[in-house]
Structures are given as structure tokens and as C-alpha cells.
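Chemist: Quick one: sequence and predicted model below, then my questions.
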Amino acid sequence: MAKLLANQILFIFLIVAPQQWQQAESQTHTWQEAFKALGIAWNRDGTLNRTIQIPMVDPTPYEDSTTPSPTVLSQDIQLSAKSKATVRLYAPASPPKSKKLPLVVYLHGGDFVLFSASTVIFHNFCNDIAEYFPAVVVSVEYRLAPENKLPAAFDDALNAIFWVQNQAKGVGGRDPWMEFADFSRVFILGSSAGANIAYHVALRALDFDLRPLQIKGLLMNQAYFGGVQRTQSEIKLKEDPYVPLYVNDVLWSLALPLKFNRDHEFCNPISGGTYLGRVYRLPKVYIKGDYGDPLVDRSILLGKFLQSCKVPVYYRFNNGGFHGIELQNKSAAQQLYNDMRWFIDDVYTNLNSEDLSNLHASY
């Protein structure tokens, strides 16, 4: 059933939408076109009607004798009695008894506007990494724009980290699954918009005493960043079938606070702002991009900036590819899983950490 649902969402996300975008390639694009491609429409109260019904799945909190035994269990947890905020927690069904597992805080993609921690592709992704690494995974259900513009998603991610800290301290008791977690090996992972959130929450977390947590690394897969001045990859691939430039512009208008443009630090992480003084204190960073993705230059430029701030950067930039390639290409997904596992396990022989100045990315 999970594979069937995954195929359905991939058809919607990677086939139907690109066809809609391609139909308008030679036209002057409008908001209406972008909304149609995204499957969204305005409600009278200013909220969005998300018309494409994306399959979502329930967690698997226990083994069910009527189905094949799951290799990973999951449950939804409310962060506090005073908040509606939740996370979906994942743990291997048969965790190793001889060692604790790294803890991964995961932020899903969706351009800040779409999807959920329970969306099938992200649920399956968390199942995969919880089993393959193995790891305890905390997938954050963050608020979406435009109903909750940035920095709401950053706030939700930081509150999830505070919840993990309270779990480490045993405040209010500890969930039994968190007994498997090594709180001295915490990693923040995000894909697309989730990678943007992961970057910002990693910086925000530096302002707090999170002991006994130790955030050891930040992983960004095809990070969703932007800026007023176009990069060469954005210009070259402006009519990309997966993330065309005009759709990106509309999405940023929905996500950013009013009167903020795309050079605000929420969108453009190297334009200045309040975060720059914290960058030097970041832990090691993994960056993955694909040259067939219009957003790739943004990741390369960020990687160069991080290296200039003496942050250890490990990276992989693949020829070809496209935004979200790991969602439909098994080889790409396996390569990403391998990279992330090596990064978490401090095995760097297969990861590139050379000076990024030899990679071309420009405006």
C-alpha cells in the first residue's frame, strides 16, 4: 500500500505539475498559472485551498500481526499540552542493544507552502533513514505559509529541538523510544524548503544552551534558497519543468513576510542580516545538489561562503539530475542515503571536502 501511495504522489508531484508548467513556457507567466500548477487557490479569508489531495499515511506505532512486520515504528507526539505542534517520531523496530543511535531532526520539503510530515514520500524517507543509518528520527510538523509566513516554520523547528532537549533531560518523563537515542550525536537534516529551515534553525540553536544535546552536523539536500539577482543556473533553467522560476517567485511571495524581498536572510542566506555572526560557530555541513536543478548555484555559493567562514563543508554536486530526483530515482536515493550515513558516521573517504572555488556558480 505504501508503495502504491508513493507512486500516486510522485505522479502528481513529478509528472502532472511539470506538464502544466511546460504548457506555458513561451508565455508571460501569471500568478494564476503558478497557482494552477501548484494546485492552490485563495479562500476568501486569505488562506489557501490546497486542491491537490496528496496522500498522507498514519504512523505505525506497533507491530500488527495482520501485516508483514515493520522494520521501523512511528508515532505522532504532541509537543506540549499548550501547543498543537507535533512531531512524528521514528525508531527501528529492533534497535541494536549494544549502542545508542544518532538522533536526526528532519524537516520535509514543500516550498514552505505544501505537504506535511505525514505526506507519504516524506514518511517513507524517514522510515528509510531510520532503518538504513540506523537512527532515531524526529520529523517536524511545521506550520505552512501563507497562513503562517516565515519565520513560523523556523520557530516550530526550534521548538522541536527544545522538545528533544527536554527528552534528554527527562523533563516530564521520556518517551521509551528516545532511550535508543544518543543525545550527544544530534543532526539536523532537510530537503528543499526543509533544508532552508534546517540551516536557519541550526543558526538559531547556537544562541541557546542545549545541553546535554550536542548538534554535530547539518545536512542540506537541494536547499531551497533564492535572491533578487538571478544566478546563472536560474537563468539557464528558468523554464525548468520541476521548479520553474516564475513559480519560485510566487512561492517566495507567499512565504516571506510582507515588504520583505528575496534578499532577506530567510531567502538569501549570504545577503547579510542577523545570522552572519553566528555562521563561524556552525558544526560540519553536508550539501548535496544537482546541476540540472535551477537552484544548484545557490547551494554552491552558500558552500563557498561557509568555507570562507572556516565551517567544515562536505558536498556532492552531480551532473544532470533535477529537483527531487531522489523521490523517483532509486540510484539517486541510495547515493544520498550513503552520503548521509558516511557523514553521520564520520567516514569521509567518499565525500568531497575540497575548496569549492573550482566550482562555477555566479550571478
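Modeler: Arrived safely, thanks for sending.
Chemist: Now Phe225, what are its backbone angles?
Modeler: Phe225 has phi and psi values of phi -120, psi 170 when expressed as degrees, to the nearest 10.
Chemist: for the longest strand belonging to the chain, the distance to its chain's centre please.
Modeler: When secondary structure is assigned using DSSP state E, the longest strand within the chain turns out to be strand 181-191. With CA atoms, centre = their mean, to the nearest Å as the basis, the distance from the averaged C-alpha position of strand 181-191 to the chain average is 13 Å.
Chemist: Buried residues in it, which are they?
Modeler: 181-183, 185-191 (16 or more other CB atoms under 10 Å). Just so you know, the C-beta spots here come from the backbone N, C-alpha and C atoms, and that holds for glycine as well.
Chemist: Which parts of the stretch 251-363 of the chain are strands?
Modeler: With strands called from DSSP state E, counting those that start in this stretch, the stretch 251-363 of the chain shows them at 284-290, 313-318.
Chemist: Please tabulate the ones you listed in a markdown table and include mean neighbour count and mean pLDDT as additional columns.
Modeler: Supplementary listing: those in a markdown table, determined by neighbours: other CB atoms under 10 Å; pLDDT from 0 to 100:
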| stretch | mean neighbour count | mean pLDDT |
| --- | --- | --- |
| strand 284-290 | 24 | 98 |
| strand 313-318 | 20 | 97 |
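Chemist: export the ones you listed to JSON lines and tack on distance to Phe35?
Modeler: Conversion of these to JSON lines gives the following (distance: least, CB to CB, whole Å):
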{"stretch": "strand 284-290", "distance to Phe35": "27"}
{"stretch": "strand 313-318", "distance to Phe35": "31"}
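Chemist: Tell me which of those strands lies nearest to Pro151.
Modeler: Using CB to CB as the criterion, the shortest distance between Pro151 and these is 20.6 Å, found for strand 284-290.
Chemist: got a list of contacts for that closest one?
Modeler: 216-223, 295-296, 299-300, 302-303, 306, 311-323, 325, 336, 339-340, 343, 351 (CB atoms under 8 Å, 6 or more residues apart in numbering).
Chemist: about what we covered before: within the sheet, what are the partner strands of the longest strand of the chain, with directions?
Modeler: Strand partners for strand 181-191, identified by DSSP bridges, are recorded as strand 101-107 (parallel), strand 215-221 (parallel).
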